[in-house]
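Asker: mind folding the following:
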Amino acid sequence: MTTVYNIDLGIPKEETFSIANKALKLDTEEQIDPIIKDLKNFKVIKKLDISGNTFSPLASKKLVENLTEFQKDLVDVNLQDIYVSRDKDEIPASLKEFFPFFLNCPNLRVLNLSDNAFGQDTIEVLEDFISKAVSLEHLILTNNGLGPFSGARIGKALYNLSKAKSLAQDDSKTTTTTTTTTPISLKTFWCGRNRLENGSIDYLSIGLRSHKNLEEVKLYQNGIRPLGIAKLITHGLSKIESLKTIDLQDNTFTIKGSVALANSIGNWENLVELNINDCLLKPKGCLNFIESLKILKFDSNIKILKLQYNELDSESLQVLSAILNDKLPNLTKLELDGNRFDEDDEYLVKIQDIFEERGAELDELEDLEEPDSDEEDEDEDEDEEEEGEGDGEGEDEDKSLDELEKELAAAHI
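Answerer: Below you'll find the model as predicted:
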């Protein structure tokens, strides 16, 4: 599945250079020459899209050499899916051509590196680049085969980037020749489908929380288990009050992750979209989360709430239906398919009635589970036994992450 990321920065067509999805195999100077000739027809290039082609290190070098006249103009660059058929040595060699150039693009705000097989072979060059890319606001790094080891290194890079941004801002205040302003924080970070698992979470939490103006975090389909999810939310995401979009789809919450979410939801007054589809909150976890919405000290700004395939049952529907008007007045899209209730559940009907009046959208309920109390009780018992092993570790986890952050700060200095 190809990653789809779009942001409208108001860049006109005549300032956009694109060879997107032409499936060109660019190995030699002769093969890259027609593209270079097209570049020369532009006076200004603010958006560069070379996605869906495959670049050798040589082709990368030649392209960069001919982009230098546009380096002060570039704002948005898409390098998605540009290494099909490239081996483990070619990819880092190509990145070593692109990344130094990007570091000299003072207005570069958007970089999409998704759908490239980075794995562990590129982590040295990738970590070094991210740590220094002070102009970036939107970093899209999805489906790169990172794994937990490289994921942890990305977390370290995000922390170092936040410090580098802070230093760059201080320098710009004392330098009268500076014409660009360094963004103090990333605004968007996507790192889905990367097998991050629990092993990346310590450093990823530290890295994310260091970007105080983050608005959008997507970490879907990463195989993160309950203890990791709880740590990520409690010690990472809950510290970022500016968040507007959180996507943790297809990781595993159970009770521990659900409690962490319930305890943190009150920190995100600006939250507009929450995607926890396929996260197995379990019946008690769903209820815990929805009841946390009931006691919010503010009317939620959430417009999109995705709760599919979480074993949510009628008891949670009852609470949800009761708080829709008071606590979720802005909700216009709700996803509930794949949960444990009947199609004619009285509380579901109440939700449908409210949504009809509101002109809101409820997903098609085509895959509901039959409520089964015996199976549910058994599942809950197993879940409590599994999660009990991690109880009482909250303060120790916090201290542990604080120590890791101190080590990173010392290393950065």
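Asker: tell me how far stretch 312-325 lies from the chain's centre.
Answerer: Chain-centre distance of stretch 312-325: 28 Å, with Cα atoms, centre = their mean, to the nearest Å.
Asker: try stretch 309-326
Answerer: 27 Å.
Asker: how about stretch 200-209?
Answerer: Taking mean C-alpha positions (Cα atoms, centre = their mean), stretch 200-209 and its chain are 12 Å apart.
Asker: distance of residue 346 from residue 202?
Answerer: 45 Å (Cβ to Cβ, to the nearest Å). Every C-beta, even on glycine, is put in place using the N, C-alpha and C of the backbone.
Asker: more neighbours, those two?
Answerer: Legend: neighbour count by other Cβ atoms under 10 Å for residue 346 and residue 202, higher for residue 202 (22 against 11).
Asker: okay, and that one sits in which element?
Answerer: helix 201-209 (DSSP states H and E).
Asker: please apply the same query to residue 165.
Answerer: Counting by DSSP H and E, residue 165 is part of helix 147-174.
Asker: swap in residue 305?
Answerer: strand 304-306.
Asker: now the closest residue to residue 280 other than its chain neighbours, what's its secondary structure?
Answerer: Using Cβ to Cβ, 6 or more residues apart in numbering and skipping residues adjacent in sequence, the residue nearest residue 280 is residue 252, 5.4 Å away. Secondary structure for residue 252, judged by DSSP: H, G, I helix; E, B strand; the rest coil, is coil.
Asker: residue 252 - how many residues pack around it?
Answerer: Residue 252: 18 neighbours (other Cβ under 10 Å).
Asker: so it touches residue 227, yeah?
Answerer: No: counting by Cβ atoms under 8 Å, residue 252 stays clear of residue 227, with 9.8 Å between them.
Asker: just the strands from this structure, written as ranges.
Answerer: With DSSP state E, the ranges of strands along the chain come out as 16-18, 25-26, 47-49, 54-55, 76-78, 110-112, 138-140, 188-190, 216-218, 245-247, 273-275, 304-306, 333-335, 361-362.
Asker: now these as JSON lines including mean neighbour count, distance to residue 208 and mean pLDDT?
Answerer: Formatted as JSON lines, these follow (neighbours: other Cβ atoms under 10 Å; distance: least, Cβ to Cβ, whole Å; pLDDT from 0 to 100):
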{"stretch": "strand 16-18", "mean neighbour count": "17", "distance to residue 208": "31", "mean pLDDT": "98"}
{"stretch": "strand 25-26", "mean neighbour count": "19", "distance to residue 208": "35", "mean pLDDT": "98"}
{"stretch": "strand 47-49", "mean neighbour count": "20", "distance to residue 208": "27", "mean pLDDT": "99"}
{"stretch": "strand 54-55", "mean neighbour count": "23", "distance to residue 208": "30", "mean pLDDT": "98"}
{"stretch": "strand 76-78", "mean neighbour count": "22", "distance to residue 208": "23", "mean pLDDT": "99"}
{"stretch": "strand 110-112", "mean neighbour count": "23", "distance to residue 208": "17", "mean pLDDT": "99"}
{"stretch": "strand 138-140", "mean neighbour count": "21", "distance to residue 208": "11", "mean pLDDT": "99"}
{"stretch": "strand 188-190", "mean neighbour count": "22", "distance to residue 208": "7", "mean pLDDT": "99"}
{"stretch": "strand 216-218", "mean neighbour count": "21", "distance to residue 208": "7", "mean pLDDT": "99"}
{"stretch": "strand 245-247", "mean neighbour count": "20", "distance to residue 208": "11", "mean pLDDT": "99"}
{"stretch": "strand 273-275", "mean neighbour count": "20", "distance to residue 208": "16", "mean pLDDT": "99"}
{"stretch": "strand 304-306", "mean neighbour count": "20", "distance to residue 208": "21", "mean pLDDT": "99"}
{"stretch": "strand 333-335", "mean neighbour count": "19", "distance to residue 208": "25", "mean pLDDT": "99"}
{"stretch": "strand 361-362", "mean neighbour count": "14", "distance to residue 208": "30", "mean pLDDT": "98"}
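Asker: ok, back up a step: what's the pLDDT at the residue nearest to residue 280?
Answerer: The model reports residue 252 with a pLDDT of 99.
Asker: that one: what's it in contact with?
Answerer: 224-226, 229, 279-280 (Cβ atoms under 8 Å, 6 or more residues apart in numbering).
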